[in-house]
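S.K.: Generate a structure from the sequence data that follows.
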Amino acid sequence: MAETRESRPGENPETATRLAKASAKSSLHHRQDGYSAPTPDDRLDAEVIDAAKARGFRLAARCTRCHQWVVAAESVAAHMGPVCRAKAAAEEVGK
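M.R.: Numbers count the residues shown, from 1 in each chain. Okay, the predicted model is just below:
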C-alpha cells in the first residue's frame, strides 16, 4: 500500500511523498530517540502518585544505606539520598 499525502501550496511533491513515508514508519509503539511507551504498571504507578499528591501526600522511601526517609523523586527512585549516593560513588571509585 503506497502512502500518499497531498503537497501543500509551494511544497515540492517529492517532499510530501518523503514525509508521508517517514510518518508511516513512526509509531507510538516503537522506540524513538530512546523513548519507549510506559507499561501498564508505570501508568498505574503514576496514577497513584498523582492521586496522593492531589490529597497532599508525598511518596517516601527509606535510604538503603542510612535508613533515613527520602522524599525527592530521584532519591525515592534510587532508594538512596544524595549524600549516601555521593558516598557510595566515592567508595566505588576508591576500590
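S.K.: How many residues are close by residue 75?
M.R.: Neighbour count for residue 75, taken as other CB atoms under 10 Å: 20. All C-beta atoms are positioned from the backbone trio N, CA, C, and that covers glycine.
S.K.: Offset the numbering so it begins at 312, please.
M.R.: Let's use 312 as the start, then, which means that last one is residue 386.
S.K.: Next secondary structure after the helix or strand where residue 352 lies?
M.R.: Assessed by DSSP states H and E, residue 352 sits inside helix 351-365. Toward the C-terminus, helix 351-365 is succeeded by strand 372-373 as the next helix or strand (DSSP H and E).
S.K.: CA-only coordinates of the helix holding residue 352 in PDB, if you can.
M.R.: Provided in PDB are the C-alpha atoms of helix 351-365 (Å, rounded to 0.1, in the frame of the first residue of the first chain):
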ATOM      1  CA  PRO A 351       0.600  -0.600  32.300                       C
ATOM      2  CA  ASP A 352       2.400  -0.800  35.600                       C
ATOM      3  CA  ASP A 353       4.100   2.500  35.000                       C
ATOM      4  CA  ARG A 354       0.800   4.200  34.200                       C
ATOM      5  CA  LEU A 355      -0.800   2.700  37.300                       C
ATOM      6  CA  ASP A 356       2.100   3.900  39.500                       C
ATOM      7  CA  ALA A 357       1.800   7.400  38.000                       C
ATOM      8  CA  GLU A 358      -2.000   7.500  38.700                       C
ATOM      9  CA  VAL A 359      -1.400   6.500  42.400                       C
ATOM     10  CA  ILE A 360       1.300   9.100  42.800                       C
ATOM     11  CA  ASP A 361      -0.800  11.800  41.200                       C
ATOM     12  CA  ALA A 362      -3.800  10.900  43.400                       C
ATOM     13  CA  ALA A 363      -1.600  11.100  46.500                       C
ATOM     14  CA  LYS A 364      -0.200  14.500  45.500                       C
ATOM     15  CA  ALA A 365      -3.700  15.800  44.900                       C
END
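S.K.: Cool, thanks, signing off.
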